[in-house]
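Participant: what shape does this take:
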Amino acid sequence: MSHRRAIGLVLLSAAGFGSLALFASGAYASGVTPSTLLALRFTLAVALLAPLVWLRGLSLPRGRDLAGYMLMGGLFTAQAQGYFNALLHASSGLVALLLYVYPLLVTVLSVALGWETWSRRMLVLLAMASGGMAITLGGKLQGEPIGIALGLLAAGIYAVYILLGTHLGRSRQATHPLSASVVIFATAAVLNGALAVSNGVALPNAASGWLAIGCIALFSTAMANVCFLAGVERIGAARASIVSSCEPVLTIGLGFGLLHESVSASQMLGGALVLLAVTLLAQRAPAAAPVLPDLADGMAKGSA
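Facilitator: Predicted structure coming up:
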């Protein structure tokens, strides 16, 4: 896979994840609760991808890889729960800004594990993307300490999710992104389903709510995760996280184009900085992706 194609896949993933908030607002308007929404999201995603895995004759992961992807499903659940609960105690702008600390966390951890090396160019692009994102999301940032803590926790969990996905994707017995996503989503469906049952299931009371959840499952979950896993395998976790900084920019763009929401001058400036960083990143391909060592080996090397 070419470098630019991998960048394109991660951008497509960012568009999928970025549309989640728009679809979720439609789902919530039909009376669905967060836990029920997450359970339906991942259950439908499995139903969409499992037939493709079967028709293409793809094998599911086994052994340590299976355990790793199941762990990713658990991390996905924890991240989503942390994010949605943070919204109950802090403004959406502050929660989003805290969540997008993860590109910095991914870069630092990738270097600590010996998977990436510091470069002035990458640091400049990371700072440009982070600064543009902060400008884009700026505004009334209010929140209680618990909301701030949950937002940062969601960012940390997502950073670990990306690193684990990179490690598994570059292992000697790499699993196809479709098969990997089925395991991740099936695990998340079981865990979120249990939470939904314990908190009380509230299904959508209108067809528009089911349509919104279907769009979340197809575009914001199945397509987005498969594209991300395929792209991160080629360009690495740090570069993929920088590209993913486009998510809030794309969310604003979709809101402007589909819902006719207003866009401020500061949001356009911030979005331009993020897009410039991604464009510059796409112009230079990294070295060929190596087979990554075990996580424990990388941590030992980083601490030596």
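
Participant: when you work out contacts or count neighbours from here on, use the C-alpha atoms and nothing else.
Facilitator: Will do.

Participant: which residues touch Ser110?
Facilitator: 116, 163, 237-238 (C-alpha atoms under 8 Å, 6 or more residues apart in numbering).

Participant: closest one to Met122 out of those, please.
Facilitator: Nearest to Met122 out of the contacts of Ser110 is Ala238 (C-alpha to C-alpha; 8.8 Å).

Participant: residues near that closest one, how many?
Facilitator: As a burial measure, Ala238 scores 28 neighbours (other C-alpha atoms under 10 Å).

Participant: sorry, back to before: ok, of the contacts of Ser110, which one's closest to Leu75?
Facilitator: Leu163 (11.5 Å).

Participant: and the closest one, how far is that from Gly147?
Facilitator: Leu163 is 25 Å from Gly147, where distance means C-alpha to C-alpha, to the nearest Å.

Participant: picking that back up, nearest to Ala47, out of the contacts of Ser110: which one, please.
Facilitator: For the contacts of Ser110, the closest approach to Ala47 (C-alpha to C-alpha) belongs to Leu163, at 26.2 Å.

Participant: can you tell me which residues contact the spatially closest residue to the closest one that is not a sequence neighbour?
Facilitator: Excluding the flanking residues, the one nearest Leu163 by C-alpha to C-alpha, 6 or more residues apart in numbering is Ala237, at 6.1 Å. Listed by C-alpha under 8 Å, 6+ apart, the contact set of Ala237 reads 106-107, 110, 162-163, 166.

Participant: picking that back up, lowest-confidence member of the contacts of Ser110, which is it?
Facilitator: Of all those, Glu116 carries the smallest pLDDT score, 74.

Participant: helices or strands up against the helix or strand that Asn225 is a member of?
Facilitator: Counting by DSSP states H and E, the element that carries Asn225 is helix 224-235. Contacts defined by 3 or more C-alpha pairs under 8 Å, 6 or more residues apart in numbering; DSSP states H and E place helix 224-235 against helix 3-18, helix 145-169, helix 177-199, helix 237-243.
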